[in-house]
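**Student:** here are the coordinates; sequence isn't available:
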C-alpha cells in the first residue's frame, strides 16, 4: 500500500512538472518546425556515415568527453577524433567498458539520491546531440564547447562527493580539512 501511495505521489509530481513545462515544450516544437521548414530539415549531414560507424564511434567520443570532464588538461581548439570503423580494444571495447561501469555506478547512486539522478540525467541528455556525428567535418567530432553545460552537472556531482568526505577531525574555515 505504501508503494502504491509513493507511486501515486510520484506520478502526481511528474504530471505537475509536465503541466508546468507545456509552454516551453510548445515553444520548442514551434522553433523546431520553423527550423525544419527554413533549412529543409533539422540538420545537414556533412559526412555521410553508416549506422555501424556511428555506433562504433559513440563509446570513444563519450569516453573522450568523460576524460575532459575528469582531467581537463591538454585542451585544444581541435581534437583529432577519428571514426571507429572496426571494434578494437582501445577504440571500442575499453571505452564501452568505462561507459558501462560509469552508467552502473550512477544508476546505483541515483537510487539513493535524487539529486545524483537529476545531475546524471542532465549530463547524459545534454551530450546526446553530439552523438549525431554526421553533422561534423571528418576528424572534428569533439570540441570543448559541447561540455560547457554538462560540466555544471559534473561539478555539482563532484561537490556533492567532496561534501561527503569527513576524514579526520581537523577543521579549516569551518569545514573538515579533507573537504577543503
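**Tutor:** It's in. From a predicted model like this one, the values you see are computed outputs, not experimental measurements. Residues are numbered from 1 along each chain as shown.
**Student:** next up, phi/psi of residue 136, please.
**Tutor:** The phi and psi torsions at residue 136 (degrees, to the nearest 10) take the values phi -100, psi 150.
**Student:** wait, it sits on residue 57?
**Tutor:** No. Look at residue 136 against residue 57 with Cβ atoms under 8 Å: they stay out of range, at 10.6 Å. Where C-beta positions appear, they are placed from N, C-alpha and C, glycine not excepted.
**Student:** more neighbours, these two?
**Tutor:** residue 57 (22 against 18; other Cβ atoms under 10 Å).
**Student:** contacts only, for the more buried one.
**Tutor:** 83, 84, 133, 141 (Cβ atoms under 8 Å, 6 or more residues apart in numbering).
**Student:** could you find the closest non-adjacent residue to it?
**Tutor:** residue 84 (4.5 Å; Cβ to Cβ, 6 or more residues apart in numbering).
**Student:** neighbours around the one you found, how many?
**Tutor:** Per other Cβ under 10 Å, the neighbour tally for residue 84 reads 21.
**Student:** that's a helix at it, yeah?
**Tutor:** No. Residue 84: not assigned to a helix; according to DSSP: H, G, I helix; E, B strand; the rest coil it is coil.
**Student:** in contact with it, which residues?
**Tutor:** 53, 56, 57, 59, 60, 91, 92.
**Student:** quick check: buried residues in the one helix or strand the second one maps to?
**Tutor:** Assigned by DSSP states H and E, residue 56 belongs to helix 51-70. Of all the residues in helix 51-70, those buried under the rule 16 or more other Cβ atoms under 10 Å are 53-54, 56-63, 65-66, 68-69.
**Student:** out of the contacts of residue 57, which is nearest to residue 169?
**Tutor:** Set against residue 169, the nearest of those by Cβ to Cβ is residue 141 (48.4 Å).
**Student:** spatially nearest residue to residue 82 (excluding sequence neighbours)?
**Tutor:** Nearest non-adjacent residue to residue 82 (Cβ to Cβ, 6+ apart): residue 139, at 6.3 Å.
**Student:** that should have said residue 93, apologies.
**Tutor:** Here the nearest residue to residue 93 in space, its sequence neighbours aside, is residue 87; by Cβ to Cβ, 6+ apart that works out to 6.5 Å.
**Student:** which pLDDT value goes with the one you found?
**Tutor:** Listed pLDDT for residue 87 reads 93.
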